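**Q** Got a predicted structure plus its sequence, pasted below:
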Amino acid sequence: METLSVAGLRKSYGDTAVLQGLTFELRPGECYGLLGPNGAGKTTTLRCALGLTAPDAGTIRLAGLPVPERAREARLRVGIVPQMDNLDPDFTVAENLLVYGRYFGLDDAAVRARIPQLLEFAGLAGRAEVKINTLSGGMKRRLTLARALVNDPDLLFLDEPTTGLDPQARHLIWERLKQLLQQGKTVLLTTHFMDEAERLCHRLAIMDRGRFIAEGSPREVIAAHIEPEVVEVYGEPGGAPAGPPQGGAANDLEQAQPANDRHPLSREGGRGDGRPVSAAEWARAEAAQYATRVEITGETAFCYLTESRPLLRHLADRHGLRYLHRPANLEDVFLKLTGRDLRD
Amino acid sequence: MNPFRPPSLSLRFIPVWRRNFLVWRKLAIPSILGNLADPMIYMLGFGYGLGSLLPEVGGLPYITFIAAGAVCFSTMNAATFEALYSAFARMQVQKTWDAILNAPLALDDVLLAELVWAAAKAALSGAAILAVAAALGLVASPLALWVLPLVFLAGLTFAALGLVVTALAPSYDFFMYYFTLFITPMALLSGVFFPVEQLPAALRAVSAVLPLSHAVQVARPLFSGEVPQAAALHIVVLAGYAVAAFWLALGLARRRLLK
Ligand SMILES: Nc1ncnc2c1ncn2[C@@H]1O[C@H](COP(=O)(O)OP(=O)(O)OP(=O)(O)O)[C@@H](O)[C@H]1O
Ligand SMILES: [Mg+2]
């Protein structure tokens, strides 16, 4: 089964080169991730691949057909979840699916027969007659996924399917995508969530300013681009008074870190003696002897290293510094490769 | 690919047309009433109100004169509103067109559907005025039934012109220009409310090229039970506007949405 292959894809808007020579190919049955900061060109790549805009250069084949020349026919085999929901607000849930099925030339009876199954899959069973504007953001996203499946596609393009969703909705979408992969569908996914990419993608590409800067399986990308371990070092907030690590201090740690980065090895450093300690100052003066690479942002020092014991021993004796020790993840690679500065 | 390449037309537009029909069906009654109220008020208000002060206009009682104009005027308005405000909402606000373009349909199919849909709505509106006029005894013979294909054609013409504006519009505000600079003057110069012969020569020359005036020149004789003169010419002009405007609208829409 042919999926998507792209070679030498280039696209400019005015003077801005948005895609600067992308080459990649989806293997049948895999989930391929496109990661990149805002404006990296993820959506533009998808639009080119679907024939919704003509590239300046490059060749694209989708489902065995040349794009953009025969993109319309190629889309018969593709299901699409766009970045922005565009469900029909005048229709009920079921009508949205019915009308969308007609666009694929499916007859009403065939689609009607599939609707209960599609709604069940999307966690929307029993909501067939509900109006779109009464659905939550998560339900709309799930309905958009159901709509993308109305033609039973071989290939799925999902542009940030979980952005703006709560953890429950996000987990449901992940489960469904895994099921779809099990059914043998091929998935192209863009996301800003590194944990999502690590979980779902067999292979992924990190792109920035229209170029791939890393490609491979999540493990390969992590192994190739970053030291295996990270120690994040924080100053004691506002020179917090000495005391056992409970209450306030623990909460601060949680606030400083996304929940999924919490790790059993996180620990208070030495007990504070009441003197404010700046992690940035400490890092500038001392971190280099323990870590391969140190990044300082505000009051946090990220120490990347292969051998963490010397640093941990050092920190255990330091007063007023707290730290979090964890394995390096895709987010570390992403930030290393694309920088920590805001993009817009 | 050149965005102004010829349209590629196919029956794939039908599911998109049916989408619009399904929305309309949910709101049909208020929609029809809304479409009809305006032209009906013109026809009855001017026809009987002003008409009682006037002798014959263009050789007809004023109410009969204006009934034929009102059918065309109503058709133009309905097609224009649908192709401007409603199509713009689907294109820009609701992103309905984007959703359709993710399916195996082309922008050509979407625009053709919008064109035929707006024309169908416009024809319905024209037909309703015709029915009222017939009920009031303002129609001379069954020849007037030829008004039905005429209003569909005129619907295509005004819908196509409206789609050009929609494809260019940055926002709803833009449509005011089209109304004040084109639609309203056209309504006044096309023999809807008074005979074109009343106009100075320069304005008559303008009137001669306006699509609405061609529609009126076919409709009015049909109302009086006569075969229109030079009907073929008027039809060709209306169809020519429709084809040229549709092609232009599609090119502009491709340039805007598929860039
Ligand atoms: N139609 C367009 N006209 C002009 N510039 C555009 C157009 N579409 C995209 N761009 C520009 O191309 C660049 C890439 O945009 P794109 O939407 O592909 O990024 P993205 O990776 O999907 O970003 P995000 O994560 O914010 O969705 C951006 O700088 C954007 O401003
Ligand atoms: Mg995007």
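**A** Sure thing, it's come through. Numbering: from 1, shown residues only, chains lettered A, B, ... in the order given. Ligands and ions are numbered 1, 2, ... in the order given.
**Q** residues from chain A in reach of ligand 1?
**A** A:13, A:18, A:36, A:38-44, A:83 (Cβ under 6 Å from any ligand atom). Just so you know, the C-beta spots here come from the backbone N, C-alpha and C atoms, and that holds for glycine as well.
**Q** what would the residues you listed look like in TSV with distance to B:Leu136, secondary structure and neighbour count?
**A** Below are those laid out as TSV (distance: Cβ to Cβ, whole Å; DSSP: H, G, I helix; E, B strand; the rest coil; neighbours: other Cβ atoms under 10 Å in any protein chain shown):
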residue	distance to B:Leu136	secondary structure	neighbour count
A:Tyr13	58	strand	11
A:Val18	62	strand	19
A:Gly36	67	coil	25
A:Asn38	63	coil	9
A:Gly39	63	coil	15
A:Ala40	66	coil	24
A:Gly41	63	coil	24
A:Lys42	62	helix	25
A:Thr43	57	helix	17
A:Thr44	59	helix	20
A:Gln83	55	coil	14
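**Q** Include distance to chain B and pLDDT when you put these into TSV, please.
**A** Formatted as TSV, the residues of chain A next to ligand 1 follow (distance: Cβ to the nearest Cβ, whole Å; pLDDT from 0 to 100):
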residue	distance to chain B	pLDDT
A:Tyr13	8	96
A:Val18	11	97
A:Gly36	21	96
A:Asn38	20	95
A:Gly39	17	95
A:Ala40	19	96
A:Gly41	15	97
A:Lys42	16	98
A:Thr43	12	98
A:Thr44	11	98
A:Gln83	10	97
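**Q** what's the closest of the residues you listed to A:Gly210?
**A** Of all these, A:Gly41 has the smallest distance to A:Gly210: 4.4 Å, by Cβ to Cβ.
**Q** how close does the closest one get to A:Glu196?
**A** Applying Cβ to Cβ, to the nearest Å, the value for A:Gly41 to A:Glu196 is 19 Å.
**Q** Over to B:Leu50?
**A** Distance, B:Leu50 to A:Glu196, by Cβ to Cβ: 70 Å.
**Q** B:Ala134 too?
**A** Distance of B:Ala134 to A:Glu196, computed by Cβ to Cβ: 65 Å.
**Q** more crowded one of those two?
**A** A:Glu196 (22 against 17; other Cβ atoms under 10 Å in any protein chain shown).
**Q** Okay, now the unreliable bits of the chain?
**A** This is for chain A. A:237-276 (pLDDT under 70).
**Q** hm, I was asking about chain B
**A** Those would be none, if you go by pLDDT under 70 across chain B.
**Q** which residues does A:Glu73 contact?
**A** Neighbouring residues of A:Glu73 by Cβ atoms under 8 Å, 6 or more residues apart in numbering or on different chains: A:65, B:104.
**Q** Go through the host helix or strand of it and flag the buried ones.
**A** Using DSSP states H and E, A:Glu73 sits within helix A:71-74. Using 16 or more other Cβ atoms under 10 Å in any protein chain shown as the burial criterion, the residues of helix A:71-74 that qualify are A:71-72, A:74.
**Q** Distance to A:Arg203 for the residues of chain A next to ligand 1 - can I get that in JSON lines?
**A** Shown next, in JSON lines, are the residues of chain A next to ligand 1 (distance: Cβ to Cβ, whole Å):
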{"residue": "A:Tyr13", "distance to A:Arg203": "28"}
{"residue": "A:Val18", "distance to A:Arg203": "23"}
{"residue": "A:Gly36", "distance to A:Arg203": "15"}
{"residue": "A:Asn38", "distance to A:Arg203": "22"}
{"residue": "A:Gly39", "distance to A:Arg203": "23"}
{"residue": "A:Ala40", "distance to A:Arg203": "17"}
{"residue": "A:Gly41", "distance to A:Arg203": "18"}
{"residue": "A:Lys42", "distance to A:Arg203": "15"}
{"residue": "A:Thr43", "distance to A:Arg203": "20"}
{"residue": "A:Thr44", "distance to A:Arg203": "20"}
{"residue": "A:Gln83", "distance to A:Arg203": "21"}
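**Q** and of these, the nearest to B:Met40?
**A** Nearest to B:Met40 out of the residues of chain A next to ligand 1 is A:Gln83 (Cβ to Cβ; 45.5 Å).
**Q** Could you find the closest non-adjacent residue to that closest one?
**A** Nearest non-adjacent residue to A:Gln83, counting by Cβ to Cβ, 6 or more residues apart in numbering or on different chains: A:Asp159, 4.0 Å away.
**Q** gap between the one you found and A:Arg47?
**A** 9 Å.
**Q** ok, now B:Ala79?
**A** 32 Å.
**Q** out of these two, which sits in the busier spot?
**A** Set B:Ala79 next to A:Arg47 and count neighbours by other Cβ under 10 Å: B:Ala79 wins out with 32 against 22.
**Q** Name the next helix or strand downstream of the stretch of helix or strand B:Asp109 belongs to, please.
**A** For B:Asp109, the element it lies in under DSSP H and E is helix B:107-135. Scanning forward in sequence from helix B:107-135 by DSSP H and E, the next helix or strand is helix B:147-168.
**Q** Packing partners of the next helix or strand after that next one?
**A** Per DSSP H and E, the first helix or strand lying C-terminal to helix B:147-168 is helix B:174-178. Applying 3 or more Cβ pairs under 8 Å, 6 or more residues apart in numbering or on different chains; DSSP states H and E, one finds that helix B:174-178 contacts helix B:147-168.
**Q** The helix it packs on versus helix B:107-135: what angle between them?
**A** With axes from the mean of the first three to the mean of the last three Cα atoms, to 10 degrees defining the directions, helix B:147-168 sits at 140 degrees from helix B:107-135.
**Q** Which residue does chain A have closest to ligand 2?
**A** A:Thr43 (3.1 Å; Cβ to the ion).
**Q** contacting residues for residue 112?
**A** With no chain named, the answer covers chain A. A:Arg112 touches A:Leu98, counting by Cβ under 8 Å, 6+ apart.
**Q** That was the other one, I meant chain B.
**A** B:7, B:9, B:13, B:246.
**Q** any idea how far it is from ligand 2?
**A** Separation of B:Leu112 from ligand 2 (Cβ to the ion, to the nearest Å): 30 Å.
**Q** Where does the residue lying closest to B:Arg18 once chain neighbours are set aside sit, in terms of helix or strand?
**A** Excluding its sequence neighbours, the residue lying closest to B:Arg18 (Cβ to Cβ, 6+ apart) is A:Arg102, at 6.6 Å. For A:Arg102, the host element (DSSP H and E) is helix A:93-103.
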